[in-house]
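Novice: Give me a 3D structure for the following:
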Amino acid sequence: MKQKSWKLSGTIVVFTVLTVLQYVLGFFVFKMPGGETLHWVGWGIWVLSCVFGFVPIVTLRQKGGVPQGKSYVHTTRLVDSGLYAIVRHPQYVGGMLFNVTLMFLAQHWLIIGMGIVSASLIYLDIQQADRDGLDRFGDAYRSYMQRVPRANFVLGIFRLIKAQVKYRGT
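Specialist: Have a look, this model is predicted:
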């Protein structure tokens, strides 16, 4: 297993800048006009983005074999339980969901455009994360990739339920 150090990618930097701009414009410039129903949908997506964003920190610290004093991103073991049994990259999914949240809350074409670009950049970075996972964990990660979707959490939940039903039926 190859140990790779974590680094800040250009796509993550641009994603972060676009997301901050979405937030500032949505909350302070455009003052979130639009339909109330869409606002409620946006807040619901925000809760989901928080779950996908923060739960992996605890999961990786507990199950990832993180060396003492290191950040949770420095895992030494492949984690495939919890949210990692639903999607391979839950924090990236959380970031994309946060972009969608801001789109629903602001309901402005500029915020929607920045959100689409930002979420697309995250998806590009996910592809690099998969390559890094293959480098670090080899065949175990390749098998994980076949079982768990990259970012589609709806498909991941469906597959998890299907596997549980199949397991209980045997």
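Novice: How many residues are close by residue 44?
Specialist: 12 (other Cβ atoms under 10 Å). (C-beta placed from N, C-alpha, C; glycine too.)
Novice: tell me which element it is part of?
Specialist: helix 36-63 (DSSP states H and E).
Novice: Now that helix: average pLDDT?
Specialist: In this model, helix 36-63 has an average pLDDT of 93.
Novice: any idea which helix or strand comes after that helix?
Specialist: Sequence-wise, the next helix or strand downstream of helix 36-63 (DSSP H and E) is helix 90-106.
Novice: Output the contacting helices and strands for the following helix or strand past that next one.
Specialist: Using DSSP H and E, the helix or strand that follows helix 90-106 towards the C-terminus is helix 109-137. Applying 3 or more Cβ pairs under 8 Å, 6 or more residues apart in numbering; DSSP states H and E, one finds that helix 109-137 contacts helix 10-24, helix 90-106, helix 139-147.
Novice: Which of those sits closest to residue 117?
Specialist: Ranking those by distance to residue 117, with Cβ to Cβ as the measure, places helix 10-24 first at 6.1 Å.
Novice: just checking, what packs against the least confident helix or strand in the chain by mean pLDDT?
Specialist: With mean pLDDT, DSSP states H and E as the measure, the helix or strand of the chain carrying the lowest mean pLDDT is helix 10-24 (a mean of 79). Using 3+ Cβ pairs under 8 Å, 6+ apart as the contact criterion, the elements in contact with helix 10-24 are helix 90-106, helix 109-137.
Novice: returning to that earlier point: just the helices and strands packed on helix 109-137: most buried one?
Specialist: Using mean count of other Cβ atoms under 10 Å, the stretch among the helices and strands packed on helix 109-137 with the largest mean neighbour count is helix 90-106, at a mean of 24.
Novice: Okay, angle between it and helix 36-63 too, please.
Specialist: Interaxial angle, helix 90-106 versus helix 36-63 (axes from the mean of the first three to the mean of the last three Cα atoms, to 10 degrees): 160 degrees.
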